[in-house]
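**Student:** my questions are about this predicted structure, shown below with the sequence.
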Amino acid sequence: MWHCKLRAYEKCESSFIRKWSLELTLSHYFQKIFSLFLFAVSQINADGKLESFHVCLVKAEMSSRRFKKERHPFAYHPETSASTSAAHQSHSLSGEDDTGGLDRLQRRDWRIAADVGDAEDTAENTSLAWRDAWTPEIRTAVKLLLSARLCSVVWSHITDCDETFNYWEPLHYILHGSGFQTWEYSPSYAIRSYAYLLLHALPLKLYDVLFHPDRLLMFYLLRLLLAVVSVGIEGYFYDAVRRKFGPSVARLLLIFQLFAPAFFISSTALLPSSFAMSMTTLAFAFWFREREMLAVTAVACSGLLGWPFAAVLGLPIALDILTRRGLLYFLTRTLLIGGTLTAVIVGIDSNFYGKLVFPSLNIVLYNVISGHGPELYGTEPWHFYVINGFLNFNVAFFLALLCPVVGEVGHRFRRHLPESNWHSRVRIFRFGTCVAVAIWLGILFSTPHKEERFLFPVYSLLALLAAITLDLLTQIGTVIAAKIFPAETSRSLMTRCLWVVLIVSALLGTSRMFALSRYYGAPMEIYTKLHLEAANRTTTQPLIEQQEGFNLCVGKEWHRFPSSFFLPDQWQLQFIQSDFKGVLPKPFAPYPQDNNTGVRLTCLPKPFAPYPQGLSAIPTEMNDENREEPSRYIDVCRCHYLVDLNFAGKSSPLEPQYLKNKSEWTVVHRENFLDSERSHRLYRAFYIPFLSEKHCSFADYVLLRRKRKCPPAETEQTL
């Protein structure tokens, strides 16, 4: 019984000390009272518990001195001799030389300073060098991340036409009954999943039912929801890294998350690759927290509900579970999770397509087995991802690639570095992250068809590897510099070098984000002005013309159309012929109407009701070979409005400069758009105040309104 009481007392004492030592505002007077209280308690349990009093005194004194010091947030402090000697002195008072107790004291003391919650992390993070490092709490990190992601909601533009026509347009059709259909959504091919769209349609439908908002507002609301989810996952990932890799790595990770343009672009994008990025981030966070089955669930969601190819990023997690738990444990739980999720997805998609389909399997077969595959849509050289990685991560991208090399060099200095870097689990997590990124980059580099969004799934892992590399370089540099300069000088030198790297990275990232917003944000601005123009047009045009609707036409600028969420009521997007010779999207079949009232049927039907025929009907004039379909075009004379980009000195018979035809068109709104061919490479990649304007050229991105109707003879000529 006494043994149980002693163990209970030890647990209560540890918890009480942890909470007390984090209260920085306690006066010296209350500290002495607290020490006397611990002494009285330890005297009551006289047998073998007298050392508890000394341990508490040492911990109180160490914590008080530590938290009163004003240290540089990014400084590295390898000295531990003072605390070690104090601990030896305290143990000598009791006539004992308990080396094991001293080790426990150091581990518990690190846990107090680092504010780490898991008992397992206490044994892993034994270095007192980490205890003095300031690290934002999870609440602070979430607030910082949310501020950065809100900027993405407002200022980030849609960078890929696949996001518009493969996700925003079908989503608009589900919610509002109009939108464009690509060949991927034809039941003949069925390589896109409606289950992924339903995740985003349900909250928007609820918001629509409750408040009947403007469609443009629904667009930004969904972006806001994507940003909030991304912040929650990134915050959890940050906390997991802080617990496993230490505060210093977590601090650097947070800086890369805040200032990397990669997250500015991907966090609010409605793309399966963005969803795969979030799920991969969550899976590795669960893995770092030893929550294996949750990690497997996140990987399954990434591969089955998001992007099938992203499932390969879960291989290190799977191998770790197999090694530790065995094949039977892994298979039973993986099959249960994967089978359940597959059944739900197949059920949803089969309902929408009107036949039994599994889009995740179809997209793999199309890209791997089909004779043409994605190469039809363009190929890029091998260095495409190198340039893209630098633009989206700048120096952090190359730091991430150097992580295996720096880790091997750091292993040679392990005697001089914090022991937490070389704990077995930490090394496994670091190695697994490197393997996942290496596999992914190997797949992408070997594929001829390359796109920026293909890198999205590993963005968080790249940021983590960059943080680990920079932290190890700082530690190694401090050890090497200490052989040449005094200890304080070496620490100060490496701290300044670290600051230089972080400031350069943050400035380059911020400059890149400004460049993306200023140089390429014109389409979003132009289409936002449509609502103002529609309001003015309503007051000036006859009612009959309003009921017939307005045709908004695009030619070569079809791929920068943000989505039908930007179109006012009674406005339709139409295509006119240009030099582009690929297949264009086609409007979905209209929703069926009630025979009695003529009202369009609801877009989200009651349970077990048939879905609108536009989803399951096989569209005509569709192909998966990127062949042009002339039926997509209308005559330019039928256009009431036209969105065009006017490059100086560039025109062709199919792409004339409509802006110069002042007898036919008048400018409603004009924005600047970067002319990349006539701009300096450096200044077009990064925005530099006062200099970018001098070295960059801009074209006119315009919204044009027709002045007069075409003569009847011209109107009858259709393409």
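**Tutor:** Cool, got the structure.

**Student:** what residues are up against T528?
**Tutor:** 216, 566 (C-beta atoms under 8 Å, 6 or more residues apart in numbering). Where C-beta positions appear, they are placed from N, C-alpha and C, glycine not excepted.

**Student:** any idea how far it is from T474?
**Tutor:** 45 Å (C-beta to C-beta, to the nearest Å).

**Student:** report the backbone C-alpha coordinates of the one helix or strand V409 maps to in PDB.
**Tutor:** For V409, the host element (DSSP states H and E) is helix 403-412. What follows is helix 403-412, C-alpha atoms only, in PDB (Å, rounded to 0.1, in the frame of the first residue of the first chain):
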ATOM      1  CA  CYS A 403      18.300  16.700 -46.100                       C
ATOM      2  CA  PRO A 404      19.700  13.100 -46.600                       C
ATOM      3  CA  VAL A 405      23.200  14.500 -47.200                       C
ATOM      4  CA  VAL A 406      23.100  16.900 -44.200                       C
ATOM      5  CA  GLY A 407      21.600  14.100 -42.000                       C
ATOM      6  CA  GLU A 408      24.600  11.900 -42.900                       C
ATOM      7  CA  VAL A 409      27.000  14.600 -42.100                       C
ATOM      8  CA  GLY A 410      25.200  15.400 -38.800                       C
ATOM      9  CA  HIS A 411      25.500  11.700 -37.900                       C
ATOM     10  CA  ARG A 412      29.300  12.100 -37.800                       C
END
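
**Student:** list the buried residues in the longest helix seen in the chain.
**Tutor:** Identified as the longest helix of the chain according to DSSP state H is helix 487-520. Buried residues in helix 487-520, counted by 16 or more other C-beta atoms under 10 Å: 490-495, 497-498, 501-502, 505-506, 508-520.

**Student:** quick one: mean pLDDT over stretch 408-425.
**Tutor:** For stretch 408-425, the mean pLDDT works out to 77.

**Student:** distance between the ends of that stretch?
**Tutor:** 16 Å (C-alpha to C-alpha, to the nearest Å).

**Student:** so where's the stretch 101-250 of the chain uncertain?
**Tutor:** Within the stretch 101-250 of the chain, the stretches with pLDDT under 70 are 101-133.

**Student:** and the strands in it, which stretches?
**Tutor:** For the stretch 101-250 of the chain, applying DSSP state E, counting those that start in this stretch gives strands covering 180-181.

**Student:** next one: the chain
**Tutor:** 180-181, 550-554, 571-575, 586-587, 641-646, 665-675, 697-706 (DSSP state E).

**Student:** before we move on, back to that, and the angle for the longest helix of the chain with strand 697-706?
**Tutor:** Orientation of helix 487-520 against strand 697-706 (axes from the mean of the first three to the mean of the last three C-alpha atoms, to 10 degrees) gives an angle of 30 degrees.

**Student:** same for helix 487-520, what does it pack against?
**Tutor:** Secondary-structure packing of helix 487-520 (3 or more C-beta pairs under 8 Å, 6 or more residues apart in numbering; DSSP states H and E): helix 138-155, helix 247-259, helix 261-266, helix 384-393, helix 395-401, helix 459-482, strand 665-675, helix 681-685.

**Student:** for the fourth one, which positions count as buried?
**Tutor:** Meaning helix 384-393. Buried residues in helix 384-393 (16+ other C-beta under 10 Å): 384-385, 388-393.
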